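Structure for this input, please:
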Amino acid sequence: SLVRLYTNIARGGNVIQSSLYEKEVPERAIDGNRASNLGQRSCSVTNNNFKPWWRLDLLKTYQINTVTITNRGDCCPERINGAEIRIGNSLNDNGNDNPRCAVILFMAAGTSQTFDCNGMEGRYVNIVIPGRREFLTLCEVEVTGQALGNTGPIGDLYHLT
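Numbers count the residues shown, from 1 in each chain. Have a look, this model is predicted:
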């Protein structure tokens, strides 16, 4: 039978964030590891700044189906509350002006949540906490979608015998 594997397109992108807390670089959020304890060195963290953000550049425009976020597990899970996922092709306000896919209202410690973006088009995927000073911690960000102009199925089809 044919099984469709949804490729995580975030893995091949470039990442940047508004500031750097110690050594918790933005690349950690796309390392393919959902480990959520900060000591496991798999989470990105910004400084405690006003309107912190993290941006993924997919290098070309995609129709984004889902964005899955893994929250920190060893402490302070409430810091992610109110974060917005924004998708588009603009770098206005560092990409934080792009159309909004979702708002993260609440996430339990160490959990992963998938947000459906219904094919929103964009090269950039931003996660931003508007309106307050906060640390933005992302232990993993996974994105599924298809490159614009590719009319084939999403992801890759594998024939399993």
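
Leaving out chain neighbours, which residue sits closest to the most centrally placed residue in the chain?
Geometric centre of the chain, nearest residue: V141, 3.6 Å, by Cα atoms, centre = their mean. The shortest distance from V141 to any non-neighbouring residue, by Cβ to Cβ, 6 or more residues apart in numbering, is to A29 (4.7 Å). For glycine as for every other residue, the C-beta is placed from the backbone atoms N, C-alpha and C.

Over to N37?
Excluding its sequence neighbours, the residue lying closest to N37 (Cβ to Cβ, 6+ apart) is D74, at 4.3 Å.

Next one, pLDDT for the one you found please.
Predicted confidence (pLDDT) at D74: the value is 98.

what's the answer for the one 3 residues further on, then?
Looking at P77, its pLDDT reads 98.

residues touching it, list them.
The neighbourhood of P77, defined by Cβ atoms under 8 Å, 6 or more residues apart in numbering, consists of 71, 107-110.

By neighbours, which of those wins?
When the contacts of P77 are compared by neighbour count (other Cβ atoms under 10 Å), N71 ends up highest, at 27 neighbours.

Next one: that residue, what pLDDT does it get?
At N71, the pLDDT value in this model is 98.

before we move on, what about Y6?
According to the model's per-residue confidence, Y6 sits at a pLDDT of 76.

Begin at 57, not 1, for the rest of this chat.
With 57 as the first residue, the last one maps to Y62.

V159: what's it in contact with?
V159 touches 138-141, counting by Cβ under 8 Å, 6+ apart.

go with 10 Å
Shown in contact with V159 (Cβ atoms under 10 Å, 6 or more residues apart in numbering): 137-141, 171, 186.
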